[in-house]
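Colleague: structure for the following, please:
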Amino acid sequence: MKYFSAFNYLTNEGLESVGEVINNDRYKLRGNVDIRLNDFMRLGVNISASYNKQRFPNSGGGAGIYNIFNTISNYPANAHPIYFGDNLIISDDYPVNVTNELMHAGFAEGQILNAQNQANLAIDLGGVLEGLSFNARASFDIMNRVIQNKGGTAALYRLETTPMGLDTAVLITPEQVDVTMSIGSHSVSRRTEAITALNYEKESGAHSLLMNAVYFVALDEGRVTGQDYQPDKYQDVSLRANYSYADKYILQADLSYSGSMRMPDGERYSLYPTVGAAWILSEEGFLSESNLFDYLKFNTSFGIMGLGNFSLSGYNPYYLHQTLWSYGGGWRPGVPGSYGYTSDIYNILQNGSTGFKIPKRRYFNAGFQGQMMEKALSFEVNYFNEFNYDKISNRLYTTPSIIGTEFLAATNYGEDTRWGLDGMVQYSGKSGNLGYSAGFNAMYMRAKYLVVDESAALEDYRKRAGTDMDLFWMYNDEGLYQSFSEITTRNVSQSWGDVLPGDIRYEDKNDDGTVDEKDVYAPGAHSPRLFFGANLNLTYRGFSLFVSGQGVADGDVMLTSNRYFRINGTNQHYSELMLDRWPETNDVPRLTTSSNNNVQNSSFWVRNAAYFKVKNVELSYRLPVNVSRQLFMTDSRVFVRGTNLITLSGLSEYGVDPEYINAGITEYPIFRTFTAGVSFSF
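Modeller: Just a heads-up that it's a prediction; the model follows:
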């Protein structure tokens, strides 16, 4: 019998220095046991559970966490004083007092229980037939989250000026103290899963055969307070055969018979095939004597799978094949003084659809894996291609409106494709006591609409079929208007009121004299397409240095925050960036609260999204084995660690994090952290 157990405790707090502070204590226990029941049967049990206890200032007296960054990014620092004497102050334009929210407006307490339980059974049936075995696994995972909360408020006052010119505090909101807690949120999610496999393995000379038959069934359940219960059920049977000859040529075939509960009875199950092949090139005569490759393999696969998690806006995806109604109240026929019996009224939600098929994905992969330079250099490169078809649609935009577009039937319409390359290279070596390893990985991906539900009357430049899926659809800017004469000479109206110098000038794409939604198109900007990472590991005697980083390239980002980049009305906090506006510079349009011209999504707000971030750095020292043993330990290590240490990005000039632009503006920031600790085992 083998066994393992571990216990972990983690605590952290928020940034608040007054009132309720976000606090989270997590206790985690993990253990497993592996038991040999007899000569041909083994049983394994794995149990993992965590318990989180939380306390935090809540939002509006409810179950959500109060986001102080969302408030301070919207409220000017001089909107009103926090205190006037001992009185907490608000104003008509800014009716929130941060100190009140943190100290007097209530709090919430949360308890979160996570448990993962799994049992495995392995039976060697070689006594029945050589190479035959049976495996079974059953698991039950659950997450239970309960949030109790209460509200309240201190007395809030507004500053007013007396006829004598003195400031005085006028009560606006009386004090409210809630003494009882209520359940603000209760959610439960469960997953029950079972899988069995009958395996057969046979080797004969240069031939090797592996076959298995697998049955899989699972149930996903989720329930949130106030929401309907809707489980997801999964079931499939699959067959697989893998044949290898001389450890050089490998063929594999899979056949899956899978079901989807979102399809009508009698149409829920479909067959999905996959075939694959691999060729160990380094075992061939023309490469086995080569000094270039120590190992080289080519592999490829092709298959079809069903996409059972489809949805359609305005429809219940679980019951597309059924007509659904909702109760709309009652109605009594007749006239005053003489009414008939009450009749129920029902509103139709959707018409049942027939003839639709489950959406599918056809995929193809091909790649190389290899080692060179006496296995010091490892590499891998893969090409992937996906074709999605039979997408669920009601063809709202391709259906002529003259025949009616209410309660359209669901059907199969729509296609798109995704393709790309991914790969890695890692070089490792040793020079005396110095060990080193450095690597790089990357993925480049493209996607394109092929068939789209869109009106045939659209201008070609507004159609999405045939375009990349990651393009930004927006207005194309032509800079800022610099003078009234420029506006007058151009003689093009823009749809958001009068245009003044300092406003963004938009391209009139269709030359109709008006900038409106018909001028929205894709000028060429797109989301990042290249994602990459790098790592470095150095060891010297007991010391070790590990560095990892990540980044993106070949793409853009839209500066959308109306708390930091754009004006969001009169009652907001103007960032330093906004104040560096026209006519001081041409980097930001003029400040205005009377027009939405400058807050439209346009190329004016597009910037290069490329960045590289040193994500993790760790320096550690492992004590010599004899020292650890003297301390009654089998291994011991001390370390210092840092995260998010260096960021290289063109967006740094705006003071934002390129990984998540709203961090530190409307959301909690991405922290630069430093950690020191010890790790030991007995």
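
Colleague: in its sheet, what does the helix or strand where residue 24 lies sit against?
Modeller: Element membership of residue 24 [criterion: DSSP states H and E] is strand 23-38. Note on strand 23-38: by DSSP bridges, its sheet partners are strand 2-13 (antiparallel), strand 41-57 (antiparallel).

Colleague: to residue 539, which of those strands lies closest?
Modeller: strand 2-13 (25.6 Å; Cβ to Cβ). All C-beta atoms are positioned from the backbone trio N, CA, C, and that covers glycine.

Colleague: how distant is that closest one from the center of its chain?
Modeller: If you compare the mean C-alpha spot of strand 2-13 with that of the full chain, they lie 27 Å apart, counting by Cα atoms, centre = their mean, to the nearest Å.

Colleague: hmm, who's touching that strand?
Modeller: Contacts of strand 2-13 with the rest of the structure, by Cβ atoms under 8 Å, 6 or more residues apart in numbering, involve 21-34.

Colleague: pLDDT of that strand, averaged?
Modeller: In this model, strand 2-13 has a mean pLDDT of 89.

Colleague: again with stretch 120-135
Modeller: Within the predicted structure, the mean pLDDT of stretch 120-135 is 95.

Colleague: okay, the strands paired with strand 23-38 in JSON lines with distance to residue 232 and mean neighbour count next?
Modeller: Converted to JSON lines, the strands paired with strand 23-38 look like this (distance: least, Cβ to Cβ, whole Å; neighbours: other Cβ atoms under 10 Å):
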{"stretch": "strand 2-13", "distance to residue 232": "31", "mean neighbour count": "10"}
{"stretch": "strand 41-57", "distance to residue 232": "23", "mean neighbour count": "16"}
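
Colleague: JSON lines for the ones you listed, including distance to residue 593?
Modeller: JSON lines is the format used below for the strands paired with strand 23-38 (distance: least, Cβ to Cβ, whole Å):
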{"stretch": "strand 2-13", "distance to residue 593": "38"}
{"stretch": "strand 41-57", "distance to residue 593": "31"}
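
Colleague: any low-confidence regions in the stretch 551-682 of the chain?
Modeller: Of all residues in the stretch 551-682 of the chain, those with pLDDT under 70 make up the ranges 568-571.

Colleague: that one: helices as residue ranges?
Modeller: Taking DSSP state H, counting those that start in this stretch as the criterion, the stretch 551-682 of the chain carries its helices at 576-579, 625-630.

Colleague: cool, the chain as well?
Modeller: With DSSP state H as the criterion, the chain has helices at 68-72, 98-103, 285-288, 484-490, 576-579, 625-630.

Colleague: pick the most deeply packed of these.
Modeller: Mean neighbour counts were compared across the helices of the chain using mean count of other Cβ atoms under 10 Å; the top stretch is helix 98-103, at a mean of 18.

Colleague: other SSEs contacting that helix?
Modeller: In terms of contacts (3 or more Cβ pairs under 8 Å, 6 or more residues apart in numbering; DSSP states H and E), helix 98-103 is packed against helix 68-72.

Colleague: just name the shakiest helix or strand of this structure by mean pLDDT.
Modeller: Taking mean pLDDT, DSSP states H and E as the measure, the chain has helix 625-630 as its least confident helix or strand, at a mean of 74.

Colleague: give me the residues contacting that helix.
Modeller: By Cβ under 8 Å, 6+ apart, the residues outside helix 625-630 that reach it are 634-636, 680.

Colleague: how far does that helix sit from the chain's center?
Modeller: Averaging C-alpha coordinates over helix 625-630 and over its chain gives two centres that are 45 Å apart (Cα atoms, centre = their mean).

Colleague: now swap in stretch 537-553 and tell me
Modeller: Computed by Cα atoms, centre = their mean, the separation of stretch 537-553 from the middle of its chain amounts to 27 Å.
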